[in-house]
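*Asks:* Just the structure for this:
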Amino acid sequence: MIPQVVAQVVDGHGLEPPEPFVLTMDALDACPSGQAVLLLLPREPHPLYRALQAQGFAYQTERTAQGSYQIRIWHKSA
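*Replies:* Model prediction:
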């Protein structure tokens, strides 16, 4: 089940790699069980998906009407 409560939003617009990744992983470390982190990016983060899966996270990606991406990330065990 996808958590509806967002514990933290990470806005990666204007940030250079790997800063969005680092901020997202820090936010996930602090994310309470049953809640999610919302990551906002200008492009789809394919390398991030592999890292999330390897570390036990689930995610849902949505492309906005403006062409950017919103990725909701949570612990699979939640």
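*Asks:* Following the chain onward from the longest helix anywhere in the chain, which element is next?
*Replies:* Of all the segments assigned as helix in the chain under DSSP state H, the longest by residue count is helix 19-30. Scanning forward in sequence from helix 19-30 by DSSP states H and E, the next helix or strand is strand 36-41.
*Asks:* Show me what that following strand pairs with in its sheet, parallel or antiparallel.
*Replies:* The pairing partners recorded for strand 36-41 under DSSP bridges are strand 6-11 (parallel), strand 69-75 (antiparallel).
*Asks:* Show me how far the shortest one is from its chain's centre.
*Replies:* So the one you mean is strand 6-11. 8 Å (C-alpha atoms, centre = their mean, to the nearest Å).
*Asks:* Taking helix 19-30 as reference, get the angle to it.
*Replies:* Angle of strand 6-11 versus helix 19-30, following axes from the mean of the first three to the mean of the last three C-alpha atoms, to 10 degrees, is 170 degrees.
*Asks:* In contact with Tyr49: list those residues for me.
*Replies:* Tyr59 (C-beta atoms under 8 Å, 6 or more residues apart in numbering). The C-beta positions use only the backbone N, C-alpha and C, and glycine is treated the same way.
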